[in-house]
Structure formats: C-alpha cells, structure tokens
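Novice: sequence and computational prediction follow.
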Amino acid sequence: MDQGNRSAHKSLTSAETIVQPCELRLERRTVAPDGTERVEFVCGASGGPEQGYVPGVAGEDPSSLAAICNACPVPEALASRRACLNLVPVRRFPGGKHSLPVLQSPGSPAESNEQTDTFFVCRWFYTLHGQDQPRTTMMCRYCPHWFPRPPRELIPDYWQETRKMLRVVNGEESTRQEPLGFAPAPPPPPATTWWQRLLEKVRI
C-alpha cells in the first residue's frame, strides 16, 4: 500500500458537490480488494496519513466527504491569521479509538457527523485541560506564546503530535506533570558520632 500522504489543499468539486479545502485532508493511494488502485481521502486531524479516518474515496459519491468536511471548523481556524505553530486540531470520529483506517459507511453521513468531536489542542497548555480540551480557538487570541503557523509540512513531528493529542482526549495518555520549582531540601540525618554532635552544637 502506497502511503502517499499528499495534502488535498484545494477544494474538491464533483457535479454540484463542493468540498471546502483543508490542509489536513490527505490523499492516500491504496489497492482495493479487487486489485484496482484507488485514492482515499484521509482526515489527518484524526490520526495522520496512516491512522486517520477515511471519509471518502475519489471517484465515488462525494456526499459523505462533503457532509463531514464542510461541517468541520478546522479549515477556518487554520486559515485565520491567528493560527499558531503550537495549535494541533484533532477530530474524534464515531468509534474514534481505532488504530486502522476506517472508511465512512454510505449510510447517513450527517447523523455520523453529529457525533464527531473537534478539539483545538495547544502544545503549550494541553496539560491544563486533560481530556476536556478547548473546542474553539478563543484562548489563542491573547496568548503570549503565540507564534505564526508555518505550512504544516515544516512543523516537525506534526502527525506524531496529532496522535498524542488524540490519546489525551481519549484518556489514553496522562497529562499529569510533576510540580515545577524547587522542593525544600530534606532534613539532615541525625548525628550518630561524637564529632557530628559537636559540629551541630557549633552550627547552632
């Protein structure tokens, strides 16, 4: 299977169906069970090119893809001038704790999309929120650590960070940290020899 994870930045148009552009939507070439090659559209925000949710396939009915992608707030957030280097948007689809690509069933895409969770996780402050990560980018507007977001391809380990943040919102990875700062020094052991007792008296 060719893991060609090209980004599908441009909007996809088929007849009267238009799918909004997204820098996290990827194209992956795979081989179907009948041996023919096909191109899958992968939601990178749900696990990257290898583990992401597959809402549609090129050449097939795009209504499911359109219903999922056009209702997603991630493209607008990333297109904002306040999009930040530390912002890691993640999407958790129905049955979201999966490790293999999942193809959206052609049943009722709108109903499935209602169960989709979107989180805007910050790599600086994600430990403050645990599983309850922000659902909007409101907290980014006045952040002192804001830094302009470069193209996704230039951000190191982006997909690894995406999978990590998905584990956080799924409760699979702890966000607890050791308290920062200096801890008080432990008390010295009690004096046991005559010269240690004398040294203690001199210090007093």
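Specialist: Noted; the coordinates are in hand.
Novice: return the per-residue confidence for E27.
Specialist: On pLDDT, E27 comes in at 94.
Novice: who's it bridged to?
Specialist: R6, F41 (DSSP bridges).
Novice: so it touches G44, yeah?
Specialist: No - here E27 does not reach G44: they are 10.5 Å apart, not a contact under C-beta atoms under 8 Å. Yep, even glycine has a C-beta here, placed from its N, CA and C like the rest.
Novice: which one's more surrounded, those two?
Specialist: Taking neighbours as other C-beta atoms under 10 Å, E27 and G44 compare with G44 leading, 26 against 15.
Novice: what kind of secondary structure is R91 in?
Specialist: Put simply, R91 is strand when judged by DSSP: H, G, I helix; E, B strand; the rest coil.
Novice: in contact with it, which residues?
Specialist: C43, A45, S46, Y53, C72, V74, T116, D117, T118, F119 (C-beta atoms under 8 Å, 6 or more residues apart in numbering).
Novice: now the buried members of those.
Specialist: C43, A45, S46, Y53, C72, V74, T116, T118, F119 (16 or more other C-beta atoms under 10 Å).
Novice: for the second one, what are its contacts?
Specialist: So the one you mean is A45. Listed by C-beta under 8 Å, 6+ apart, the contact partners of A45 are L24, G52, V74, P89, V90, R91, T118, T162.
Novice: 6 Å instead?
Specialist: A45 makes contacts with L24, V74, P89, V90, R91, as judged by C-beta atoms under 6 Å, 6 or more residues apart in numbering.
Novice: relative to P150, which of these is nearest.
Specialist: Taking C-beta to C-beta as the measure, P150 lies nearest L24 of the contacts of A45, at 14.4 Å.
Novice: that older thread, farthest-separated two in the contacts of R91?
Specialist: Y53 and F119 (14.4 Å).
Novice: coming back round to it: what about the buried ones among the contacts of R91, which are in helices?
Specialist: V74 (DSSP state H).
Novice: which of the buried ones among the contacts of R91 has the weakest pLDDT?
Specialist: Confidence-wise, T116 trails the rest of those, at 89.
Novice: any idea how far apart the tips of stretch 153-160 sit?
Specialist: The first residue of stretch 153-160 is 13 Å away from its last residue (C-alpha to C-alpha, to the nearest Å).
Novice: got the buried residues for that stretch?
Specialist: I155, W159.
Novice: following the chain onward from the top helix by length along the chain, which element is next?
Specialist: If you go by DSSP H, the chain has its longest helix at helix 158-169. Counting by DSSP states H and E, the element after helix 158-169 in chain order, helix or strand, is helix 194-203.
Novice: pLDDT weak spots in this structure?
Specialist: When residues are selected by pLDDT under 70, those of the chain lie in 1-16, 95-114, 177-191, 201-204.
Novice: surely A77 meets R135?
Specialist: No - look at A77 against R135 with C-beta atoms under 6 Å: they stay out of range, at 10.9 Å.
Novice: the two: who's more crowded?
Specialist: Remark: of A77 and R135, A77 carries more neighbours, 18 against 11, as counted by other C-beta under 10 Å.
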